[in-house]
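1. Make a model of this:
(one chain, ligands or ions: 2)
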Amino acid sequence: YNLFIHSFILSPPHLWLHSTFLRPRLKSIDGELCLITGAGGALGRLFALEFAKEGARLVLWDCNTAANEQTAELAREIGVEVHTYTVDLSKRQSIYEAADRVRAEVGEVSILVNNAGVVAGRRLLDCPDELLERTLLVNCHALFWMTKAFLPQMKANNHGHIVTIASALGLFSTACVEDYCASKFGAVGFHESLTHELLAEDLDGIKTTLVCPYIVDTGMFAGCEIRKELRSLIPPLQPLYTVQQSMKAILAEQQMICIPRIMYIPFLTRALLPWEANVATYRFMGGDKCMLPFIKNVEMKTSNGHIKSS
Ligand SMILES: NC(=O)C1=CN([C@@H]2O[C@H](COP(=O)(O)OP(=O)(O)OC[C@H]3O[C@@H](n4cnc5c(N)ncnc54)[C@H](OP(=O)(O)O)[C@@H]3O)[C@@H](O)[C@H]2O)C=CC1
Ligand SMILES: CC1=C(/C=C/C(C)=C/C=C/C(C)=C/C=O)C(C)(C)CCC1
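-> Ligands and ions are numbered 1, 2, ... in the order given. Next up, the predicted model:
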């Protein structure tokens with residue numbers, strides 16, 4: 001009983017309330033070395049620019065060399081040091097080799113932003129096995145290898161920050177994105193377990209932040225939509241807004257953020273309401289079939305040869 005009370009005194013409710021509802025102090029990351037995966041992509045590029053504005057030195061990883069270089073150019077214009085690496089996050093060896101090079105050529109990474117992500121965008125039964133596997137490798141397994149590569153240095157200094165860009169679909173699911181939900185639920189579980197481990201080891205200098213956005217207007221889920229009447233109530237997020245909200249959470253060392261805040265509701269009701277009530281709510285809000293137009297979109301692009309598969 002005493003231990004229980006003591007644990008609460010160590011993290012009293014007024015501290016939770018303060019960090020959740022009041023404006024917390026934002027930390028300085030000037031001069032820190034920040035590694036961002038998927039830095040050639042929409043959110044990855046914006047993260048790179050926001051971290052650059054905060055004065056962080058950047059290490060940018062992506063499998064798309066040209067897009068990654070473009071991000072690097074934009075970040076250099078802000079005036080920070082930038083290093084780019086072409087890495088295939090679906091390959092463990094590619095991650096470890098690039099990590100060794102970063103350590104030798106640049107130094108110790110203190111902020112890790114695991115942002116790269118993919119989705120198959122096909123119905124499970126129509127989807128090539130490799131494409132399903134790739135989602136798990138990039139969105140989930142890569143988190144193991146990235147953490148194994150960079151956490152030891154953070155532990156040695158008891159200093160660092162690991163950011164996981166997961167998804168609202170890591171907290172509740174919907175139909176026809178089995179690969180993506182499995183990978184993002186995995187990412188959420190990974191983040192939580194790692195956070196508990198760091199706390200249990202009293203490594204209070206290493207922070208973690210989980211980011212769970214709703215649809216972001218980047219093209220990744222183009223076509224995904226809920227019931228027409230509700231679209232103005234919960235519109236797709238702007239990429240810059242998403243990244244700015246994430247940055248606030250990261251710099252405030254917040255453990256988790258759902259963007260927009262209304263996404264906490266389906267997350268909670270998933271756990272609190274009976275299954276049937278959730279199914280009825282999904283039907284009413286168009287959450288049950290929201291992925292069908294997205295999958296149609298991918299099918300059309302694939303048949304036109306515009307989309308590359310694995
Ligand atoms: N857009 C959305 O609606 C939402 C996105 N998210 C998450 O946000 C993150 C960023 O998404 P977003 O910016 O929209 O997506 P993008 O597709 O724009 O960016 C993802 C980047 O990751 C790269 N990438 C993909 N596979 C690999 C790989 N094997 N190795 C290295 N790099 C790879 C992509 O390269 P390439 O282009 O060549 O494939 C791309 O540059 C993802 O984790 C996503 O799951 C979360 C919630 C909503
Ligand atoms: C299921 C569901 C909804 C729709 C969620 C959607 C459409 C989420 C899309 C998320 C994406 C694309 C995340 C990418 O990482 C509502 C209407 C909010 C509430 C009822 C349950």
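
2. Give me the secondary structure label for the residue of the stretch 151-300 of the chain found nearest ligand 2.
-> Nearest to ligand 2 in the stretch 151-300 of the chain, going by C-beta to the nearest ligand atom, is Gly287, at a distance of 2.6 Å. No exception for glycine: its C-beta is placed from N, CA and C like everyone else's. Following DSSP: H, G, I helix; E, B strand; the rest coil, Gly287 is assigned to coil.

3. Next one: the closest residue to ligand 1 within the stretch 51-200 of the chain, what pLDDT does it get?
-> Closest residue of the stretch 51-200 of the chain to ligand 1, C-beta to the nearest ligand atom: Gly117 (2.2 Å). On the pLDDT scale, Gly117 is placed at 98.

4. check contacts around it.
-> 38, 138-139, 165, 167, 183, 220 (C-beta atoms under 8 Å, 6 or more residues apart in numbering).

5. Take these and lay them out in JSON lines including secondary structure and neighbour count.
-> Formatted as JSON lines, those follow (DSSP: H, G, I helix; E, B strand; the rest coil; neighbours: other C-beta atoms under 10 Å):
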{"residue": "Gly38", "secondary structure": "coil", "neighbour count": "29"}
{"residue": "Val138", "secondary structure": "helix", "neighbour count": "22"}
{"residue": "Asn139", "secondary structure": "helix", "neighbour count": "28"}
{"residue": "Ile165", "secondary structure": "strand", "neighbour count": "27"}
{"residue": "Ser167", "secondary structure": "coil", "neighbour count": "25"}
{"residue": "Ser183", "secondary structure": "helix", "neighbour count": "29"}
{"residue": "Met220", "secondary structure": "coil", "neighbour count": "17"}
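
6. Which secondary structure element is home to Thr164?
-> Following DSSP states H and E, one finds Thr164 within strand 160-165.

7. That strand close to ligand 2?
-> No. Applying C-beta under 6 Å from any ligand atom, one finds strand 160-165 separated from ligand 2 by no less than 8.9 Å.
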